[in-house]
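**Q** Quick one, fold the following:
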Amino acid sequence: MLKIYVAGLMSGIEFKIVKERFYPVIDELQKSGFFVLHPMIGKENHFKDATILSAVFSHPTPMTTNNAITRRDHWMVFEADIILMNLLDAKEKSIGCSMELAWGYAYKKHIITLMEKDNVHDHAFIRGVSDIILNNVEDAIKYLKEFTSIWKKE
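**A** This next block holds a predicted model:
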């Protein structure tokens, strides 16, 4: 079973918006037979009262320390076969997303990046590490299903 790490913008965004962006994609990929890793695994209860997610976490739980978040995300990128990075509608550059893309590139992962024209992340490095750049989630899911169909055949 192929493993996909689904990542995207979180800092400065309302927790409910983060959930609305992540979970439908995660559900669709799981229904399609992928094993999905993502930054929200095990954190939902810790962030349920958060209005806006911060780039620097000072929560007292072991699951949400700065080190725990960085190490877990790094480990999930390492474990994944494919990285699906959603940078759509970014208002500010994301250091976390940039780190995850760099890790994915260093570990030779297949990277699909979602960003529209004139996105704040439109940079030679982001383009250089991305195998494919698409401008919507639907095309990314369609691509993933078609691209990976060869591995799903018995």
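**Q** sec struct for residue 20, please.
**A** What DSSP: H, G, I helix; E, B strand; the rest coil gives for residue 20 is helix.
**Q** And stretch 18-38, how far out from the chain middle?
**A** The chain centroid and the centroid of stretch 18-38 are separated by 10 Å under C-alpha atoms, centre = their mean, to the nearest Å.
**Q** Identify the residues contacting it?
**A** Under the contact criterion C-beta atoms under 8 Å, 6 or more residues apart in numbering, stretch 18-38 has outside partners 1-10, 40, 44, 53, 76, 79-80, 84, 86, 137, 141, 144-145, 148, 152. The way it works is simple: take the backbone N, C-alpha and C, and place the C-beta from them, glycine included.
**Q** Could you turn the buried ones of those residues into a ChimeraX selection?
**A** In ChimeraX syntax, the buried subset of the contacts of stretch 18-38 is picked out as below (16 or more other C-beta atoms under 10 Å):
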select :2,4,5,6,7,8,9,10,40,53,76,80,84,86,137,141,144,148
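**Q** Check what pLDDT residue 21 gets.
**A** In this model, residue 21 is scored at 86, pLDDT.
**Q** Please read the previous query as pertaining to residue 134.
**A** Listed pLDDT for residue 134 reads 97.
**Q** Quick check: it vs residue 64, distance?
**A** According to C-beta to C-beta, to the nearest Å, residue 134 stands 31 Å off from residue 64.
**Q** Kindly report the same for residue 114.
**A** For residue 114 relative to residue 64 (C-beta to C-beta), the value is 26 Å.
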